[in-house]
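Student: Sequence first, predicted coordinates after that:
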Amino acid sequence: MKKKLIAGNWKMNGSLAANETLVKGLLAGLGAPVCQVALCVPSVYLAQCQALMAHGAMSLGSQDVSQHEVGAFTGEISAAMLQEFGVHYCIVGHSERRQYHFESDVLVATKAQRVLACGITPIVCVGETLAEREAGRTEEVVKRQLAAVIHANGCCISEVVVAYEPVWAIGTGKTASIEQAQQVHAVLRQQLQAASNQADRIPIIYGGSMNAANAAQLLAQPDIDGGLVGGASLKVSDFLSIIASAC
Ligand code: PEP
């Protein structure tokens, strides 16, 4: 059976002192989890978290990457740089990047290519806005977003993680119902199956106000292989309890 993946997305939160408390608290409470656990931290804290997490049961992740390989791109961070800090996962196409930084489907697909080329697993986020859901366009939108990544990455698609994150559920306290989430995951699974004969091993994880109270039910669905957790990943007890639901 595929191991579930629980990835925390700290977003633009943290400080040297708070990170140390959080990571040490998680490591102390984790033991040897039978699921995979990752922390996607702000890039300036990669070195700190790499040191704190060395030899621990959690993998390090980043929240974004440049679409470029190297060069005059002030402020950007390349996949090769992430690799140097032991980064295992990299979120690409988070809705906050699509919304506030106008990232297109093609750009997100290029970012996935960049990290794959450096041996880093992209966590490719797809998801519809509330207006798109209400207009009955959920399937069309998530399939279009995923199709760009499939198109650009060919057979490497089996190396990605897909995160279904309905935009209206991120940071809002509104979670997709179990049925809504499972239904979209099944659609994404079918799309991956049509693209790859390894599709069943591609984790499709859910994100959007996942918390200690709703995680177990979401994670029990046949096509939900884990969670991408924002707010609840910043509290030791909440995140440990989500991990326990997955393990
Ligand atoms: C996220 O940032 O990917 C996310 C799912 O956030 P939250 O859990 O806070 O909704």
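Tutor: Perfect, I can see it now.
Student: for the strand or helix carrying Val106, packing partners?
Tutor: Here Val106, judged by DSSP states H and E, is contained in helix 105-117. Helices and strands touching helix 105-117, by 3 or more C-beta pairs under 8 Å, 6 or more residues apart in numbering; DSSP states H and E, are helix 79-84, strand 87-92, strand 121-126, helix 138-153. Placement of C-beta: from N, CA and C, glycine included.
Student: residues of it that come out buried?
Tutor: 105, 107-116 (16 or more other C-beta atoms under 10 Å).
Student: and of these, the nearest to Ser95?
Tutor: Closest approach between the buried residues of helix 105-117 and Ser95, by C-beta to C-beta: Val108, at 10.7 Å.
Student: residues touching the residue nearest to the closest one when sequence neighbours are not counted, list them.
Tutor: Distance criterion C-beta to C-beta, 6 or more residues apart in numbering; nearest residue to Val108, sequence neighbours excluded, is Gly93 at 3.5 Å. Counting by C-beta atoms under 8 Å, 6 or more residues apart in numbering, Gly93 touches 103, 105, 108, 111-112, 124-126, 145, 149.
Student: Tell me the one of the residues you listed nearest Val229?
Tutor: Nearest to Val229 among those is Cys125, at 12.9 Å by C-beta to C-beta.
Student: residues contacting that closest one?
Tutor: For Cys125, the contacting residues are 91-95, 163, 165, 207, 228, by C-beta under 8 Å, 6+ apart.
Student: wait, doesn't Leu26 sit right on Met58?
Tutor: Yes - counting by C-beta atoms under 8 Å, Leu26 touches Met58, with 6.8 Å between them.
Student: So for these two, which residues contact both of them?
Tutor: By C-beta under 8 Å, 6+ apart, the residues touching both Leu26 and Met58 are 37, 39.
Student: ok, Lys3 to Leu39 distance?
Tutor: To Leu39, Lys3 is 17 Å away according to C-beta to C-beta, to the nearest Å.
Student: now Ala131
Tutor: Remark: distance between Ala131 and Leu39 (C-beta to C-beta) = 32 Å.
Student: And for Gly171?
Tutor: From Gly171 over to Leu39 the distance is 18 Å, taken as C-beta to C-beta.
Student: longest helix of the chain?
Tutor: Taking DSSP state H as the criterion, the chain has its longest helix at helix 178-195.
Student: Next secondary structure element downstream of it?
Tutor: Later in the chain than helix 178-195, the nearest helix or strand by DSSP H and E is strand 204-207.
Student: From the contact counts, what lies against the helix or strand that that next one is followed by?
Tutor: Downstream of strand 204-207, the first helix or strand assigned by DSSP H and E is helix 215-219. Other helices and strands packing on helix 215-219, by 3+ C-beta pairs under 8 Å, 6+ apart, are helix 178-195, strand 226-229, helix 236-246.
Student: Helix 215-219 close to the ligand?
Tutor: No - contact between helix 215-219 and the ligand is absent, the nearest approach being 10.5 Å (criterion: C-beta under 6 Å from any ligand atom).
Student: Going by neighbour count, which residues of that helix are buried?
Tutor: Neighbour counts using 16+ other C-beta under 10 Å place 215, 218-219 of helix 215-219 among the buried residues.
Student: Any chance of the residues you listed in TSV with pLDDT and distance to Gln50 as columns?
Tutor: Below are the buried residues of helix 215-219 laid out as TSV (pLDDT from 0 to 100; distance: C-beta to C-beta, whole Å):
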residue	pLDDT	distance to Gln50
Ala215	96	27
Leu218	96	30
Leu219	96	28
